[in-house]
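Visitor: generate coordinates for the sequence data below:
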Amino acid sequence: MAKNQKGIAYLSLLFAVALGGMALAGSGVVWQIEVRREKEKQLLFAGEQYRQAIASYYERSPDTPQYPAKLEDLLLDRRFPMPVRHLRRLYPEPMMADGQWHLIRQQDRIVGVASRSTEVPIKVGGFPEAQSEFEGARQYAHWQFIARPSGGRQPVNKTGDAPDR
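Guide: Numbering: from 1, shown residues only. Below is the predicted model of the structure:
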């Protein structure tokens, strides 16, 4: 009888370990999705910061309106007697390990930024009006943060395709 009880205890222990493993695997999947959702929020925030900073750089041009040649120009705009800051700091692109943005250019000037990630977004709807063009995007690379100067002119035509690499 003691032999029989040892077998049941062993099977119970194996069953408990298997259940624990499944619970850990399930929580790992949930954690992974939550991390990705947080990165999406960071991408939307940073991209919007760049969009606004690029528009500010363009609108506040002292002479002929122009876009920045490099992202660093947004940190310290030396076109003025007292340098102007359009962006507080350079934000890394959260979806890519290297943190590098795809720069959307027009005539060698930066008019916007986009992710280089080809992953499918978790968020596909419910965007604020400023980001309504992201609705139904098939890749993070389709989330293009292009400056919209108050002059009303859109700097580049949007096709909905991935930006040129």
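Visitor: shaky segments in the protein?
Guide: 1-6, 29, 151-165 (pLDDT under 70).
Visitor: the strands in it, which residues?
Guide: Counting by DSSP state E, one finds strands in the chain at the ranges 102-106, 109-114, 144-146.
Visitor: next one: residue 145 from residue 91, what distance?
Guide: Distance from residue 145 to residue 91, counting by C-beta to C-beta, to the nearest Å: 11 Å. Quick note: C-beta positions are derived from backbone N, CA and C, even for glycine.
Visitor: for residue 37, same thing?
Guide: Spatial separation of residue 37 from residue 91 under the definition C-beta to C-beta is 18 Å.
Visitor: quick test: name the residue nearest the centre of the protein.
Guide: Averaging the C-alpha coordinates of the chain gives a centre point, and the residue nearest to it by C-alpha atoms, centre = their mean is residue 43 (2.2 Å).
Visitor: to residue 84, which of the strands of the chain lies closest?
Guide: The stretch from the strands of the chain with the least distance to residue 84 (C-beta to C-beta) is strand 109-114; that distance is 16.5 Å.
Visitor: what residues does that closest one touch?
Guide: Taking contacts as C-beta atoms under 8 Å, 6 or more residues apart in numbering, the residues outside strand 109-114 that touch it are 47, 50-51, 54, 66-71, 93, 101-105, 141-147, 155-156, 163.
Visitor: quick one on the thing from earlier: residue 37 and residue 91: who's more crowded?
Guide: A count of neighbours by other C-beta atoms under 10 Å puts residue 91 above the other of residue 37 and residue 91, at 19 against 13.
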